[in-house]
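Colleague: could you look at this predicted model? Sequence included:
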Amino acid sequence: MSALRGAFCPADYDSFSPGDGSLMNPQRWLQAVCCLVIALSTLAVVGNASAAWKEKVLYSFQGGSDGYQPAGGVVFDKAGNLYGVNSWGGSGGCPDPGCGTVFELSPPTQKGGAWTETTIYAFQSVLGNVKDGFTPAGSVIMDQAGNLYGTTSLGGNGPCILLGSATGCGIVYKLSPPKQKGGQWTETILHNFQSGTDGYFPWGDLAFDKNSNLYGATQFGGGKGTTCNQFYGGTCGTVFKLSPPSKKKGKWKEDILHSFAGVAKNQQSGDGAIPNGGLILDSQGAVYGTTQFGGYQKGVCNPGGCGTALQLSPPTQKGGSWAETLLHEFNADSNEAQPGTGMTFDGNGYLYGTTVASVFRLKPPVTKSGKWN
């Protein structure tokens, strides 16, 4: 696993620290943090407004076959079960610490009882013989039928090779619930990333639109940029769309909505670089997200640019291109550099998110040609 850390992190990885103002690429946390104990919390307000919120640990991962280091949040099903993923662990074919898992937490049958953890899927990829995915870097989302959808950052049949080992370029997967209680969940690989103009190393949660299309981001690939990853020519990532097949047993179709170019050398402004995933959509089908780097280079940001918040608008004509608008270019001198997650809307159309050192809000423009601020 140390080889993977070296492949996805800058050469000065060990010089970074959480308190020095530099955002470590999230993959660094995957490699640096050992067995993480999750506190999935049930929160309740007690009595009056000044009462404290109460935390209850529902399950503590043990770091073995049950997995460890949860990636992202959790989702509920209609019965109150929780679903999420672990980046490592499980009983799959990877060398220690395992390929990662998808888990279910079921509520107690009696008041005060314990929640029950079940590993519903353990990824099976093996270095040098890659088929399944491994190392999820985002949680799962659920459709109305109870199917789960997610990504793994590595694995699949793509041609990516790191330090002499075939690792695959990542996958998008679907897990279908068993037809009978106690049965096995079924994995279907919806897309194998291939690098090149396609993306690789998918990151963050997926998102649905009203037509059941899936949207996500890859941190690298796309064929543009020269500053983002020394192992693959610097390509700076993509936003992609996967459309479900029109016929049963057909294939999902991938479209690259945008390939990021990053900051051009000696320029103060540019496109975003290394998207965070966790995309959201508005009622008109526009896609919103953030990039860790790229954009405006004011102050010290590594590897170039302080990050962006962006909008991708669907084409006005069939077959047209999606249009990117940079809503905001972050600025290290204003202590707002390098967003590390996606964003969320409030009821008034404001966007909220976080950077390495701040929480930000973006206000929509008053006029169609106005700016977000």
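Modeller: All right, it came through fine.
Colleague: quick one, grab the pLDDT at Ser243.
Modeller: At Ser243, the pLDDT value in this model is 97.
Colleague: same question for Ile256.
Modeller: Among the per-residue scores, Ile256 holds a pLDDT of 97.
Colleague: one more: Gly47?
Modeller: 46.
Colleague: next: Pro275.
Modeller: Confidence score, pLDDT, at Pro275: 95.
Colleague: how far away is it from Lys249?
Modeller: 31 Å (Cβ to Cβ, to the nearest Å). Every C-beta, even on glycine, is put in place using the N, C-alpha and C of the backbone.
Colleague: got the phi/psi numbers for the residue most central in space within the chain?
Modeller: Nearest to the geometric centre of the chain sits Gly204, at 0.7 Å (Cα atoms, centre = their mean). Per-residue torsions, Gly204: phi 80, psi 170 (degrees, to the nearest 10).
Colleague: against Gln144, how distant is the closest residue to it other than its chain neighbours?
Modeller: Excluding the flanking residues, the one nearest Gly204 by Cβ to Cβ, 6 or more residues apart in numbering is Gly277, at 1.9 Å. To Gln144, Gly277 is 23 Å away according to Cβ to Cβ.
Colleague: and for Lys251, nearest residue in space, chain neighbours not counted?
Modeller: Pro245 (5.8 Å).
Colleague: and for the residue nearest to Thr186 when sequence neighbours are not counted, the neighbour number?
Modeller: Leaving aside its sequence neighbours, Thr186 sits nearest to Ser176 (Cβ to Cβ, 6+ apart; 4.5 Å). By other Cβ atoms under 10 Å, 14 other residues sit near Ser176.
Colleague: now do Phe76
Modeller: Counted with other Cβ under 10 Å, residues neighbouring Phe76 total 10.
Colleague: tell me if I'm right that it and Leu82 touch.
Modeller: Yes - here Phe76 reaches Leu82: they are 6.1 Å apart, a contact under Cβ atoms under 8 Å.
Colleague: the stretch 1-150 of the chain: helices as residue ranges?
Modeller: 2-8, 26-32 (DSSP state H, counting those that start in this stretch).
Colleague: higher neighbour count, Gly277 and Gln144?
Modeller: Gly277 (26 against 8).
Colleague: on the three-state scheme, that one is what?
Modeller: coil (DSSP: H, G, I helix; E, B strand; the rest coil).
Colleague: next, it: phi, psi?
Modeller: With angles defined as degrees, to the nearest 10, Gly277 sits at phi 70, psi -160.
Colleague: if we can go back for a sec, the residue nearest to Lys251 against His191, yeah?
Modeller: No - judged on Cβ under 8 Å, Pro245 makes no contact with His191 at a distance of 11.9 Å.
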